[in-house]
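Colleague: everything below, folded, please.
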Amino acid sequence: MVLEVSTGLSAETEKKVAQVSDEEVKKYDSAFAGRMKSLRDERGLKRDWVARQLGIHYNTLKNWELGKAHPGTKEILALSQIYHVEPDAFFRGL
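Modeller: Numbers count the residues shown, from 1 in each chain. Next up is the predicted model:
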């Protein structure tokens, strides 16, 4: 994956390229997904109950926990309320 970043500098130095390997992305996706699942499991909550609380389909939550999709900021904030944790708890240890 290649990201182009505009820095607002002169034309010579304006374009920077940050490179992130697919392996690194997979590592973080997997860790984030695992953390989501472990927070739910630690609280003894069922996936279908959490999905209903969020107003989403069961499979959406399942895909987040499998790393196949990602929740948005709004959903992370809602999950943090349901799990009684700070939002950054989903990112600790990544």
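
Colleague: quick one, what contacts the residue positioned nearest the centre of the chain?
Modeller: Of all residues in the chain, the one closest to the mean position by CA atoms, centre = their mean is residue 70, 5.1 Å from it. In this structure, residue 70 makes contact with 29, 32, 64, judged by CB atoms under 8 Å, 6 or more residues apart in numbering. (Each C-beta comes from the backbone N, C-alpha and C, glycine too.)

Colleague: now the last one, nearest residue through space, not along the chain?
Modeller: Translated: residue 64. When the adjacent residues along the chain are set aside, residue 64 lies closest to residue 71, with 5.3 Å between them (CB to CB, 6 or more residues apart in numbering).

Colleague: model confidence for the one you found, exactly?
Modeller: We note a pLDDT of 95 for residue 71 in this prediction.

Colleague: surely it is within a helix?
Modeller: No. Counting by DSSP: H, G, I helix; E, B strand; the rest coil, residue 71 is not part of a helix but coil.
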